[in-house]
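In: Pasting a predicted model and its sequence here:
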Amino acid sequence: MVRALAAAAFLASVTAGCAAPLALREEGQRALLLEHVQELEPRVVALLGTEWARPFEVRVHEIEGCRAETRRGDRRVTIDPDSFDDGLRMTVAHELVHVHATGRWAGLPRGVEEGLAYWIAARATGLAEEYEGPEPCPDALRAALTLDDQGYDELHELERADVHQAAAWLASRLIP
Ligand SMILES: [Zn+2]
């Protein structure tokens, strides 16, 4: 049984400037996030095969250098305000994978978890064909499977993108 939907709590601490009154903008963002979570969470859970409730919080706040992040441990999801301009459904689905993967495995490599998140999010949002490209290069696959946290953190942006793509490709073969 999936009960996680009822556990989602939405916080709003929007600091981005906007022409609309802040309260209205926060209300609109909260409603949109709730709509996406309600649509996508059951799909993510079904695709991952996880079943237990996962209490989590979603808040909107500026993040340096990325669109969204999910804190391990308490599963607090932070969405950058810029994510509302483009690809919000994919971003929400991706973070929901992290929410539901947390605690599922003791030590999944970061690159593999990211690839899994990209692949499951693509499936959940109907964009799976993005990962049906050619096989990734062996170096990227090896890095996805074997890099530790420090090695992953030290990757340059383009290398990280290759690792994510390789891991997503791998996940697409393991979880069709
Ligand atoms: Zn991620």
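Out: Structure received.
In: in the chain, which spans are helices?
Out: Taking DSSP state H as the criterion, the chain contains helices spanning 4-7, 22-48, 88-101, 110-124, 138-146, 149-153, 157-174.
In: would you list those helices in JSON lines and tack on distance to the ion?
Out: In this view, the C-beta of every residue, glycine as well, is placed from N, C-alpha and C. Listed next are those as JSON lines, based on distance: least, CB to the ion, whole Å:
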{"stretch": "helix 4-7", "distance to the ion": "18"}
{"stretch": "helix 22-48", "distance to the ion": "13"}
{"stretch": "helix 88-101", "distance to the ion": "5"}
{"stretch": "helix 110-124", "distance to the ion": "5"}
{"stretch": "helix 138-146", "distance to the ion": "13"}
{"stretch": "helix 149-153", "distance to the ion": "11"}
{"stretch": "helix 157-174", "distance to the ion": "8"}
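In: Domain map for the protein?
Out: Annotated domains of the chain cover 4-101, 110-174 [automatic domain parsing].
In: Return the distance of the last one from the chain's centre.
Out: Just to be clear, that refers to domain 110-174. Its chain's average C-alpha position is 13 Å from that of domain 110-174, according to CA atoms, centre = their mean, to the nearest Å.
In: what distance separates the start and the end of it?
Out: One end of domain 110-174 to the other measures 17 Å (CA to CA, to the nearest Å).
In: where are the low-confidence patches of the chain?
Out: Scanning the chain for pLDDT under 70 picks out 1-22, 107, 130-133.
In: just to revisit the earlier point, could the helices of the chain go into CSV alongside distance to Ala68 and mean neighbour count?
Out: CSV is the format used below for the helices of the chain (distance: least, CB to CB, whole Å; neighbours: other CB atoms under 10 Å):
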stretch, distance to Ala68, mean neighbour count
helix 4-7, 18, 14
helix 22-48, 11, 17
helix 88-101, 5, 24
helix 110-124, 10, 24
helix 138-146, 20, 17
helix 149-153, 18, 12
helix 157-174, 14, 18
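In: Put together TSV for the ones you listed, with distance to Asp80 on each row.
Out: Output for those, formatted as TSV (distance: least, CB to CB, whole Å):
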stretch	distance to Asp80
helix 4-7	23
helix 22-48	11
helix 88-101	9
helix 110-124	16
helix 138-146	25
helix 149-153	20
helix 157-174	17
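In: Out of those helices, the one nearest Asp82 is which?
Out: helix 88-101 (9.9 Å; CB to CB).
In: Give me the residues contacting that closest one.
Out: 4, 32-33, 36-37, 39-41, 43-45, 48, 50, 54, 56, 58, 67-70, 75, 77, 79, 83, 108, 113, 116-118, 120-122, 124-125, 127 (CB atoms under 8 Å, 6 or more residues apart in numbering).
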